[in-house]
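fold the following, please.
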Amino acid sequence: MPPKEYLQLHTVLYEWSKECPMDLKKDLSLFFNSQAFLDRKDTFFRGLHDRKWVALITKAGVDETRATLGDLFNYHFLDLYVTPLSLSQISAAPRMPSGAAYNKFIKDLTRDNKVIKAQARVVNWKRNLDRATDMVVNAPGVLQDASTSSSSGSGVSQPRWFISVDVESFERDHSKILEIGWSIWDSGSNLFVDKHYAVSDYRHLKNGRFVPDRRDRFMFGTTIWEPLEKCISAFQQDLDTATAQNMKGEYVLIAHDLASDETYLQKMGVQFPKNMVPFDTIELNCARIGDSNAKVGLGKLLDSLDIENYCLHNAGKVIFVLDIWLIVFSPLVALANG
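I've put the predicted structure just below:
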């Protein structure tokens, strides 16, 4: 017996529904949800195609259905040809005696595909975690004693700079930026720069209904109030200074929910070094746990790592984000140091 040939079921239903005359569409839809169409042995299958589960119908089933439709509707539907599918797994679909059973079959495929996507995300994030680990452990200066700086004969010429940044916006209009905070760690000298800028243009705007307003609670220095343009310029100047001091080195951008902060910074026109490598601590934590659904807010993550924290709705929380980065990898650094 020759091997079965398959077509994707949704393609068959789509093509025939598209060509069907308007006066027959309702009846065709009813037929596709009927037991006569769905409850047929050795006709419907599920297959893994390009790492995604799809509903399949055999070519014999397509030909049989086309003949039935011709008799029922006195209309000759398009003869569909098999396009080769790369199927790594194939299994029979469950019995589908009704439209409800078919809907459950499709819902189960959707659920299984979500699981596959989640697993793929974890695999990708674990690669990022491995890369992040390598970048910390092998950063010039990290494997030396913390009290030894690059200026004291260590021989380190191109350290890595680790930059964490956070942007806080007005809860009722996220286009209005209220704060920018950043923390920069030079691995070669083991020195940190922590800054917090509050935007004077919007001093009159207060959060509080949905998130607390903590602009006046920077715990690691003095908050500087400036117009937005000067706040952006101050951050850009620190980036440019880092670039000038480390022309051939690498830069690591770290944030908790990186996409959100990147969007703000791009709109502000901030220019990052071309060799900047971005990491999201949400994703790295999921990789560490091995669960793509383990996304947690900054507070819960800090608590789980026993990092004491305060005033997380202040943009100065980037210091805590950098702490996460260092604490997650500190056992690895300690191990590498022997």
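
quick one: buried residues of the helix or strand containing residue 111?
Taking DSSP states H and E as the definition, residue 111 sits inside helix 99-137. Buried positions in helix 99-137, judged by neighbour count with 16 or more other Cβ atoms under 10 Å: 99, 102, 105, 109, 122, 125-126, 128-129, 132-133, 135-136. Every residue, glycine included, has its C-beta placed from N, CA and C.

the nearest residue to residue 55 once chain neighbours are set aside: neighbouring residues, count only.
Leaving out its chain neighbours, the residue that sits closest to residue 55 by Cβ to Cβ, 6 or more residues apart in numbering is residue 9, at 4.0 Å. By the measure other Cβ atoms under 10 Å, the count of residues near residue 9 is 23.

quick one, what contacts residue 9?
44, 54, 55, 56, 57 (Cβ atoms under 8 Å, 6 or more residues apart in numbering).

and what of residue 19?
Going by Cβ under 8 Å, 6+ apart, residue 19 touches 77, 78.

how about 6 Å then?
Applying Cβ atoms under 6 Å, 6 or more residues apart in numbering to residue 19 gives the contacts residue 78.

show the backbone phi and psi for it.
Main-chain torsions, residue 19, degrees, to the nearest 10: phi -90, psi -10.

now do it against residue 72, distance only.
Using Cβ to Cβ, to the nearest Å, residue 19 is found at 15 Å from residue 72.

same check, this time on residue 81
Distance of residue 81 to residue 72, given as Cβ to Cβ: 22 Å.

next one: residue 43
Taken as Cβ to Cβ, the span from residue 43 to residue 72 is 17 Å.

do residue 327 as well
According to Cβ to Cβ, residue 327 and residue 72 sit 68 Å apart.

and the angle for the helix or strand hosting residue 11 with helix 99-137?
Using DSSP H and E, the element containing residue 11 is helix 9-19. Orientation check (axes from the mean of the first three to the mean of the last three Cα atoms, to 10 degrees): helix 9-19 against helix 99-137 gives 120 degrees.

downstream of helix 9-19, the next helix or strand is which one?
Per DSSP H and E, the helix or strand that comes after helix 9-19 is helix 22-32.

what comes up buried for that following helix?
Within helix 22-32, judged by 16+ other Cβ under 10 Å, the buried ones are 24, 28, 31, 32.

need those in CSV with distance to residue 291 and pLDDT, can you?
Compiled in CSV, the buried residues of helix 22-32 are given as follows (distance: Cβ to Cβ, whole Å; pLDDT from 0 to 100):
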residue, distance to residue 291, pLDDT
24, 49, 94
28, 44, 96
31, 43, 96
32, 38, 96
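
export these to TSV and tack on distance to residue 295?
TSV is the format used below for these (distance: Cβ to Cβ, whole Å):
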residue	distance to residue 295
24	48
28	43
31	44
32	39
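
pretty sure residue 85 contacts residue 49?
Yes. In this structure residue 85 lies within contact range of residue 49 using Cβ atoms under 6 Å: 5.5 Å.

apart from its neighbours in sequence, what residue is nearest the most centrally placed residue in the chain?
Closest to where the C-alpha atoms of the chain average out (Cα atoms, centre = their mean) is residue 283, at 7.0 Å. Leaving aside its sequence neighbours, residue 283 sits nearest to residue 125 (Cβ to Cβ, 6+ apart; 4.6 Å).

let me see the contact set for that neighbour.
Residues in contact with residue 125 (Cβ under 6 Å, 6+ apart) are 283, 286, 287.

which ones among these lie within helices?
283, 286, 287 (DSSP state H).

now do the strands in the chain.
6-8, 44-49, 53-58, 87-92, 161-170, 173-186, 191-199, 224-226, 251-255, 276-280 (DSSP state E).

between residue 81 and residue 72, which is the more surrounded one?
residue 72 (13 against 9).

on that earlier part again, for residue 107, see how far away the residue nearest to residue 55 is.
Distance from residue 9 to residue 107, by Cβ to Cβ: 14 Å.

what's the answer for residue 4, then?
Going from residue 4 to residue 107 by Cβ to Cβ gives 25 Å.
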